[in-house]
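> Quick check, what structure comes out for this input:
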Amino acid sequence: MSGEGVRRRVAQKNRAPIGSNGQQDDHSTDDGSAKLGWAQWIFLSIYFTGVVYGSQFIGGHLPKPWPSSDHGDIRDLSRFSEDRATQHLLTLTSFRPRTVGTDGNDKFSVKYFLKEAEAIRKKASPVNLIEIDHQVVSGSFRLAFLNGIYERRFNNVYQNIHNVLVRIGPLHEYSESNRTLLVNCHFDAAIGVDGASDDLSQCVTMLEALTVLAQRAPLKHRVLFLFNGAEESILQASHGFVTQHPWAQDVTAFINLEAAGSGGRDVLFQTGPKHPWLVRAYALVPFPCGNSFGEEIFQSGIIPSDTDFRIFRDHGSIPGVDIAYVENGYVYHTHYDRVEQITPGTLQRSGENLISLIYGIVTSPEFQDLENCVECATDSAVYFDFLGIAFITYSHRSGVIVNCIFVLAAIATIFAELRLEFITSGVYTSSLRKAKLLGLGIAAAVTAVIVPVVSVACLAYLVSFVAPMSWYASPHLAFFLYGCPTVGMVFAVHRYFLSGRVMASTPIGLRESIIYHSVGFLWMIVLIITTSYGLNSAFVPLLFLAGPLPIRVMWLNFQPLTRRDLTAFLTAHMTSVSIPTIFGLYTLLSMLRVFIPIFGRSGSELNPDVALAVLVSFSIACLMSYYGSLVHVTDLKSSSQIAKLFAGIAFGTVLLISLTPIGFPYSSPPNGIAPKRLALQHFHREDYDLAGKQVSEDNGLWIVPLDFIGIKPLSGIFNLTGALSADCVGKLYCGLPFIYPIIKLFR
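This next block holds a predicted model:
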């Protein structure tokens, strides 16, 4: 007998009963599949909570500082020591202030680095050659600050900027070439801050790494440590080095070390351009962390920061990597950026990573023969870490091939399971009905993302009038404010589609498969789009598409068991989506740790409540995309109660932040650090016409709040009676001494 004949008999055997009018009873949907209730959803909630706290614990691991009281000897200079690096840090932070042009920066800090470099040279192994130079440089360049989002281009002029350079390499008789790896940090600080983390922490890491390298056997190539004295004045010292110093001509690649927080993990957030071999070298460090999705976000310019990476890339045409601390971004460019805020283990982790990366780059075949490396100039790297445990990287070209393979595999899997489900569902389904069901499944999956995001964004807009930035000092409130209504709306959307006649009359197992694979189909579309646009962040939809496939294929073979046994069904479903769930939550938490502090300095033109609501709601809706199919196998009473519960939590949170001090956005020690950011300067101003004649003179107190809330919280502190708005029509840049070209950030 042919296979087609068997399928006809199976379909006939499983048809639903025929009613008295001779028509098939469309409302007979009990196929024996198990249904979920409160107990299962409580278990899922515990699972999500465990993933959240587990990912924070595992991903945030820091090594034990060396030496400590129970192991190690500080006199051993061949190993990186956080203790020695911290001693440098304490000394350098005592030079206050360290703004460009001050004695603390241009005199005392420079002398300290020169003195320590000379001490390292005296203790170095005799097979290593150490050269020291002090550059004082002047120049100018044009720059599109923050990728031109706030100002298209501006002129940056500098004079008598200081750089301290220390080059270590083999003695000339052992040297194979003049190739040099550049390692860069900056020791200047923003106005009025110690700058312990940004960026002295990285400078002392470099100083200690130099100490270690000086004691070891020589590398085949040179390593140049650049301690630059003018980054906060918008990347001036790095420009002076790369365009005017003779050692710059030999630089083959670079490592740029930065900080936008007070320690924690050092994260790779920019690479290249192109040159995937740099990421392969980074993948071998002891504690790799970072992903190309974050790189594309940073390079879009939406984060109000920039680094020396762009100077080396744009003005030196040098490939490299950009690494920074991002934890506790509240202290960034504030007086809280002190030594005591740096988490123990931070410098140890950074130092061990740096030394390993230096060895990895200078010994790589590409570094030694970069001119003949075809891949280097034509391909880029896709990379991401999984909970800080594993670091995955592959070339963009390989990624395109992998993406195409999984798209084809997804099509085959979706087609195979839905075909089997339609055959064994117990209901005869015409081609038209199949099309309707698939269309409704896709519509439900799309609506379960769009409706929650739009609704929560509207809620956030209203909340911003009564309790703006209430989550700033208490980030967990973001989940209750914007995450809970998202979950409730996802339940509500799927219940709405479930109430329709076509879905309601479809067997539970078939209904679940349709929703599940509609979600897979949408992730497949996203993967196709991101791949076609050449985005390295295409690995995100790849994980959401490829992660569930193997388990779902096995599901096909054990379907009778998994459909009718509640434990087996839930286990199979959770296992199939475990990889995207864990990675998605890990990535969302990482993004929130970066963006929530940034909203304190993102200016008055962006509503941070709406921005955060969209970020949280969209992320949670995507994370819940596959779980939406479980709503269709949940009893109606439970799903309705769950939706109402999450809506009630959101409503209660809105009342709480609106009527109690919990909604106050700022905090200071001992209750945590989440300061109100503002620029406060007293200035004397003289205006002259083109003929050089003075036309006005005045003094003033210039107050520029850096967040969305603006001047309102300061009304009880400053007497603002008679305060004048700036003249932004008749005067260039409102006639005010803006340090950075970011006037478009403010009203």
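
> Straight-line length of stretch 500-514, end to end?
Using Cα to Cα, to the nearest Å, the end-to-end distance of stretch 500-514 comes to 15 Å.

> How about stretch 531-549?
19 Å.

> Could you say which helix or strand holds residue 581?
helix 578-598 (DSSP states H and E).

> for residue 723, same thing?
Residue 723 belongs to no helix or strand, assigned by DSSP H and E.

> What separation do you get for it and residue 605?
Noted for residue 723: a distance of 20 Å to residue 605, by Cβ to Cβ, to the nearest Å. C-betas here are computed from N, CA, C, even on glycine.

> what mean pLDDT does the very next helix or strand once past the helix holding residue 581 have?
The first helix or strand that comes after helix 578-598 along the chain, using DSSP H and E, is helix 608-623. Across helix 608-623, pLDDT averages out at 96.

> So what touches helix 608-623?
The contact list for helix 608-623 (Cβ atoms under 8 Å, 6 or more residues apart in numbering) reads 448-449, 452-453, 456-457, 459-461, 463-464, 468-469, 471-472, 478-479, 481-483, 485-487, 490, 544, 580-581, 584-585, 588, 591-592, 595-596, 599, 602, 707-708.

> Now do it: distance to the chain's middle.
14 Å (Cα atoms, centre = their mean, to the nearest Å).

> now the angle from it to helix 578-598?
Between helix 608-623 and helix 578-598, the angle comes out at 170 degrees (axes from the mean of the first three to the mean of the last three Cα atoms, to 10 degrees).

> sorry, back to before: buried ones from the contacts of helix 608-623, can you make that a ChimeraX selection?
In ChimeraX, this line selects whichever of the contacts of helix 608-623 come out buried by 16 or more other Cβ atoms under 10 Å:
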select :448,449,452,453,456,457,459,460,463,464,468,469,471,472,478,479,481,482,483,485,486,487,490,544,580,581,584,585,588,591,592,595,596,599,602,707,708
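
> If you count contacts, what does the helix holding residue 581 end up packed against?
helix 38-59, helix 292-299, strand 381-386, helix 539-546, helix 608-623 (3 or more Cβ pairs under 8 Å, 6 or more residues apart in numbering; DSSP states H and E).

> so after the last one, what's the next helix or strand?
Moving toward the C-terminus from helix 608-623, the first helix or strand encountered (DSSP H and E) is helix 628-631.

> still on that earlier bit, can you add distance to residue 678 and give the helices and strands packed on helix 578-598 back as CSV?
Shown next, in CSV, are those (distance: least, Cβ to Cβ, whole Å):
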stretch, distance to residue 678
helix 38-59, 31
helix 292-299, 25
strand 381-386, 36
helix 539-546, 36
helix 608-623, 16
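
> and residue 362, which of the ones you listed is closest to it?
Residue 362 lies closest to strand 381-386 among the helices and strands packed on helix 578-598, at 18.6 Å (Cβ to Cβ).

> which helices and strands sit right next to the closest one?
When contacts are defined as 3+ Cβ pairs under 8 Å, 6+ apart, strand 381-386 sits against strand 266-272, helix 277-282, helix 292-299, strand 390-395, helix 396-424, helix 578-598.

> buried stuff in stretch 373-382?
Quick answer for stretch 373-382 (16+ other Cβ under 10 Å): 373, 376, 379-382.

> isn't there a strand covering residue 287?
No - counting by DSSP: H, G, I helix; E, B strand; the rest coil, residue 287 falls outside a strand, being coil.

> Is it correct that it is in contact with residue 351?
No - between residue 287 and residue 351 there is no contact under Cβ atoms under 8 Å: 10.7 Å.

> So for these two, which residue has more residues nearby?
The residue with more neighbours, out of residue 287 and residue 351, is residue 351; 28 against 18, by other Cβ atoms under 10 Å.
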